[in-house]
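Engineer: got a sequence here, can you build the structure:
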Amino acid sequence: MRLVVLACLLIAIAACGSDDGVGDTRAEQARTAALDAGLDDEVADFLATAARGQTATYQATYPGPEEGTQIVVANRSPDRRIDVLDGERIVEMQLVIDGEAVTCTRDADEDAIVACERTDAIVEPLGAFGASTMEQLTGTLATRMEDYTFAIETATVAGTEARCLVTTIREGRERSDLTDTGTLCISAEGALLRVAQGDEVLEASDYTTDIPDGTFVRPDRDGDK
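Structural biologist: Model (predicted):
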């Protein structure tokens, strides 16, 4: 099963969530959809937790697209921030503050981010399971019940306890287009921590629910929210 498609979360575009009430609603919708699709209670509960991630408060660090780069995500709905780092140097920042989205970049000759421009798209934070992703994941799991067994396990990822959905190919169902195993791990808040398909792995290296002061401030303006 191509669990690695969930890496699309890294570039997902979606509307913002806003509060715990929204998170509760999304969780219940995800649970109901999973049960209606024939998935068992444990998997439905896992998906319900994942659905909360879009409105959760967390900061996570993921590997970047090139060697030596990282992506740091801070989410405190409805505000969110994504930094692209080369080493310890922020080269690009995407911010959503009070419903306004901006992209900030670093001048090659400057030591700090100096320019921010408003953008039309609201960027969903990495690791957040938006509605379309949840629908896709639920549908994929439901159609693969005859091919895979599903188990919920615990693991430590990025220094935090995670719940993991582990898929294992059933005996006699092996095919060239299906991987033998897959793992999807989320935090207690519903943020993506690890996704693995065969030898391909995307894993957070750091995770916290404490957002540093000043995180949601445009670097070209003074003052905190």
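
Engineer: so residue 179 sits against residue 173, correct?
Structural biologist: No. With contact defined as C-beta atoms under 8 Å, residue 179 does not count as touching residue 173 (11.8 Å). (C-beta placed from N, C-alpha, C; glycine too.)

Engineer: ok, these two, which is more surrounded?
Structural biologist: Ranked by neighbour count (other C-beta atoms under 10 Å), residue 179 and residue 173 place residue 179 first, with 19 against 12.

Engineer: skipping adjacent residues, who's closest to the more buried one in space?
Structural biologist: Closest residue to residue 179 apart from its sequence neighbours, by C-beta to C-beta, 6 or more residues apart in numbering: residue 198 at 4.7 Å.

Engineer: what's the helix ranked longest in the chain in contact with?
Structural biologist: Secondary structure of the chain per DSSP state H: the longest helix is helix 20-36. The contact list for helix 20-36 (C-beta atoms under 8 Å, 6 or more residues apart in numbering) reads 17, 41, 43-45, 47-52, 54-56, 77, 131, 134-135, 138, 141-142.

Engineer: which elements pack onto the helix or strand of the chain with the lowest mean pLDDT?
Structural biologist: Ranking every helix and strand in the chain by mean pLDDT, DSSP states H and E puts strand 113-119 at the bottom, with a mean of 81. Applying 3 or more C-beta pairs under 8 Å, 6 or more residues apart in numbering; DSSP states H and E, one finds that strand 113-119 contacts strand 89-97, strand 100-106.

Engineer: which one, of those, ends up nearest to residue 147?
Structural biologist: strand 89-97 (37.5 Å; C-beta to C-beta).

Engineer: for the least confident helix or strand of the chain, list every residue counted as buried.
Structural biologist: 113, 116 (16 or more other C-beta atoms under 10 Å).

Engineer: who's in contact with residue 83?
Structural biologist: Contacts of residue 83 by C-beta under 8 Å, 6+ apart are 71-73, 90, 92-93.

Engineer: rerun at 7 Å
Structural biologist: Residues counted as contacts of residue 83 (C-beta atoms under 7 Å, 6 or more residues apart in numbering) are 72, 90, 93.

Engineer: and what of residue 163?
Structural biologist: Counting by C-beta under 7 Å, 6+ apart, residue 163 touches 46, 49, 152, 154, 185-186.

Engineer: okay, the residues you listed in JSON lines with secondary structure and pLDDT next?
Structural biologist: Below are those laid out as JSON lines (DSSP: H, G, I helix; E, B strand; the rest coil; pLDDT from 0 to 100):
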{"residue": "46", "secondary structure": "helix", "pLDDT": "94"}
{"residue": "49", "secondary structure": "helix", "pLDDT": "94"}
{"residue": "152", "secondary structure": "strand", "pLDDT": "97"}
{"residue": "154", "secondary structure": "strand", "pLDDT": "97"}
{"residue": "185", "secondary structure": "strand", "pLDDT": "95"}
{"residue": "186", "secondary structure": "strand", "pLDDT": "94"}
